[in-house]
Each structure stands twice: as structure tokens, then as C-alpha cells.
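Q: Sequence plus the predicted model coming up.
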Amino acid sequence: MKKIKKVALLPITIIICFIAFYSNSSCNIYKFNEATIPDSIKTVKINFIENKARYINPQLSQRLTDKLRQKIIGQTRLTQTNNNVDWEISGYITEYNFSTTAITGQQVANNRLTVSVHITLNDSKSDKTTDYDVSRSFEFKGNQSFQQAENTLGEEIVRTLTDEIFNKLFSNW
């Protein structure tokens, strides 16, 4: 009787293993964080992202620069250095604006924070410079002050902009 139970469990075990194997392999096929970098590029320098917007969030430049450095070093094979670099990445925040997006009665119902960044990639191997612009908007309730919205949205802003910049720099899509 025990032999019959083991034999009956074997096909189920095989099916479970088969599903687990193919579900994991299909996830790897559609990875969006795989960087496309020419083989000749080995080193990178990531300069401080300045804030040149009219309104300046004093923490955004440093946080965005740090997060971009971490992502590039953590998800590419590039080595960060300051001398004789293959790629030099620099940029600045061009826009940091608040606007009202919805009014109910005579009260502000929703607001929007728009953040834009200009990034420059200087490729010393090919003597080529490429510019990218990234812009994202973040919605928040009208009853929040701008300072409350900045505190609430801070992590999302940095994460989203970092991902967008990374994708512009390292993806061919």
C-alpha cells in the first residue's frame, strides 16, 4: 500500500518541479535591470547631480546621486573611479515644481510635484556625449503641505528617478 502512495506522489512532485523551473526561467527572460554596456567600457565616474531648479529640495541632490551610484555599481560590471574613466555621468535637476491638479468646491483636492533631471553621458572611448532627460510627476492630497508631501514622497521620488535614469543610460529600449 505504501508503494502505491509513493508512485502516485511522484508525478505530482515532477509537475511541481517542472512548474517551478519554468516559472523561474521565464522571469529571467524578461529582466529589465540587465545593463547594456559595450565590452570596452570598464570604468565609470558618477558626478554629483546638482540642483538647478527654481525651488530646491536641499536633500534631493545628494540622495539621488548616492542612489544612482549604488544602482550602477550594484547592477553593472562597471568599476567606479575618478581617473581615466571610460564613462563619465553628470547631471542636474532642472525642475522641481508644485501645481494644483484638482479643486473640489473651493478647496484644493489634489496637487502634483513634478521633478525633472537632465543627465549627460560622456563616453571617452568613442569621444561621444549623449544627453537624456527624465521627468516624473507625483500626486498628493490637497490637504498635505508641500513639506509633508516631500517627506511622504521622498523615497518614491529618489527610487523612481534613479530607475528611470538607469534605464535611459543602460537600456536599448
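A: Happy to help now that I have it.
Q: all helices for this structure, in order.
A: Counting by DSSP state H, the chain has helices at residues 2-29, 60-75, 146-170.
Q: If I average pLDDT within each of these, which one is lowest?
A: Among the helices of the chain, helix 2-29 carries the lowest mean pLDDT, at a mean of 49.
Q: do you know how far the spatially most central residue of the chain is from Q75?
A: Nearest residue to the geometric centre of the chain (C-alpha atoms, centre = their mean): D163, 0.9 Å. Separation of D163 from Q75 (C-beta to C-beta, to the nearest Å): 10 Å. To be clear about C-beta, it is placed using only N, CA and C from the backbone, and glycine gets the same treatment.
Q: again, but for R54
A: 33 Å.
Q: more neighbours, those two?
A: Q75 (13 against 8; other C-beta atoms under 10 Å).
Q: Surely the more buried one touches N167?
A: No. Using C-beta atoms under 8 Å, Q75 is not in contact with N167, being 11.0 Å away.
Q: Could I get the contacting residues of G105?
A: Going by C-beta atoms under 8 Å, 6 or more residues apart in numbering, G105 touches no other residue.
Q: What are the phi and psi values at it?
A: phi 70, psi -120 (degrees, to the nearest 10).
Q: I'd like to know how many residues surround W87.
A: W87, neighbours per other C-beta under 10 Å, totals 20.
Q: Okay, and the beta partners of it?
A: For W87, the beta-bridge partners are V44, D123 (DSSP bridges).
Q: how far away is it from N47?
A: As defined by C-beta to C-beta, W87 lies at a distance of 11 Å from N47.
Q: now do S40
A: S40 sits 21 Å away from N47, going by C-beta to C-beta.
Q: Compare neighbour counts for the two and give me the winner.
A: N47 (15 against 9).
Q: Quick one: residues contacting the spatially closest residue to T94 that is not a sequence neighbour.
A: Using C-beta to C-beta, 6 or more residues apart in numbering and skipping the chain neighbours, the partner closest in space to T94 is S116 (4.7 Å). Taking C-beta under 8 Å, 6+ apart as the criterion, S116 is in contact with 53, 93-96, 133-136.
Q: Buried subset of the residues you listed, written for ChimeraX?
A: To isolate the buried members of the contacts of S116 in ChimeraX, using 16 or more other C-beta atoms under 10 Å:
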select :53,93,94,96,134
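Q: Take the contacts of S116 and keep only those in strands.
A: 93-96, 133-136 (DSSP state E).
Q: What is the burial count for S137?
A: 12.
Q: what's the answer for F166, then?
A: Neighbours of F166 using other C-beta under 10 Å come to 21.
Q: Can you tell me the closest non-neighbouring residue to it?
A: Nearest one to F166, counting by C-beta to C-beta, 6+ apart, is K71 at 5.3 Å.
Q: Alright, I will stop here.
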